[in-house]
Every structure is written in C-alpha cells, then in structure tokens.
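Chemist: Dropping a prediction and its sequence here:
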Amino acid sequence: MAATAVLAAAALIVEPLIRAVLAGGRVIDLGMLQLRLTYNTGVAFSLGNQLPTPVLVAVTVTVTAGIAVYAWRTAPTSSAAAVIGFAAIFAGAAANVIDRLVDGKVTDYLHTGWWPTFNLADTFITCGVALLLVSLFVDSRSAGTREEATS
C-alpha cells in the first residue's frame, strides 16, 4: 500500500513540474529520449479519444478499481514480486485517473520517436505488468519443480 502511494505521488508531482519546464512548446533532447509535452484525451495509444470524457473516466475508474480489488484479494497468496507489480500497476493507473479527472486528459511527456509519447505513470504500469508476468512465470516454474519432486 505504501509503495502504491509513493509511486502515484511521484507521478503526480512530476507532471506540474514537467508542464512548467516544457511550457511554450519547449523540447528537451536527452539523446534517445526527449521531453516533449503532449496530452492524451484517450487511453493507451489514444484509443477512445473520440469518446466523451465522462465515459473515459468511468471506464478507467472501473478498470482501476477492478485491478485494486483483484490485487487486494490475491496479495496474501502472491509472491513479493507480484505484489510489487500490482502496486506499480495500480499506482500508474490511479495517477492517470487523477490526472484525467483534473483536466479531462492525461499529460504525456516522454518521447522516444518510435513509440507513442507516454508518462511516468505509464512507465509504472508497463514495469508492473512486466514484473507481474515474470513473477507468474517464475512461480509456475517453481510450482512445477515442487510437483516433480513430490512425484
């Protein structure tokens, strides 16, 4: 729970700072990564950007709540890596929901040139999913090893 709060707060604290630094169309080139301010009125990859904001808010809040309930229920039997993965996913989703609630869109600012522009919350979601998948793979392999040992 604390990790979720810290990650969500970090994503939400960075955004106004980025908006101030990149005001007026300023772009900061960091080599393979640029800081470039954009706004996403849709969800991932701008999907649904034609939908009314209240619909997107309702959908994203519902999905985020579903993730939270599932994570809460499975946490007692999940590995530490899975719990951290769920925390990162929920933190990123919650930060994006809060950002969307404030002004009807999500602030994006990390630009690679070959991938749609994203933000720190999106990074938390992606890393959380990756960590969750790795933990599920490792957990299933170790369960298979335990079953072979007892056979």
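Modeler: In hand now; what should we look at?
Chemist: Can you show me the strands along the protein?
Modeler: Along the chain, counting by DSSP state E, strands occupy 27-29, 34-40, 106-111.
Chemist: Phe124: what's it in contact with?
Modeler: Phe124 sits next to Leu7, Ala11, Ala88, Ile89, Ala91, Gly92, Ala95 when contact means C-beta atoms under 8 Å, 6 or more residues apart in numbering. C-beta: built from backbone N, CA, C; applies to glycine.
Chemist: Spatially nearest residue to Ile28, not counting backbone neighbours?
Modeler: Leu35 (4.1 Å; C-beta to C-beta, 6 or more residues apart in numbering).
Chemist: Near that neighbour, how many other residues are there?
Modeler: 16 (other C-beta atoms under 10 Å).
Chemist: nearest residue to the residue nearest the centre of the chain other than its sequence neighbours?
Modeler: What sits nearest the mean C-alpha location of the chain, by C-alpha atoms, centre = their mean, is Ile125, with 2.5 Å. Counting by C-beta to C-beta, 6+ apart, Gly92 is the residue found nearest to Ile125 once chain neighbours are left out, at 3.7 Å.
Chemist: residues touching the one you found, list them.
Modeler: Leu7, Ala8, Ala11, Leu120, Ala121, Asp122, Thr123, Phe124, Ile125, Thr126, Gly128.
Chemist: So how do I select the buried members of those residues in ChimeraX?
Modeler: Buried residues among those (16 or more other C-beta atoms under 10 Å), as a ChimeraX selection:
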select :7,8,11,120,121,122,124,125,128
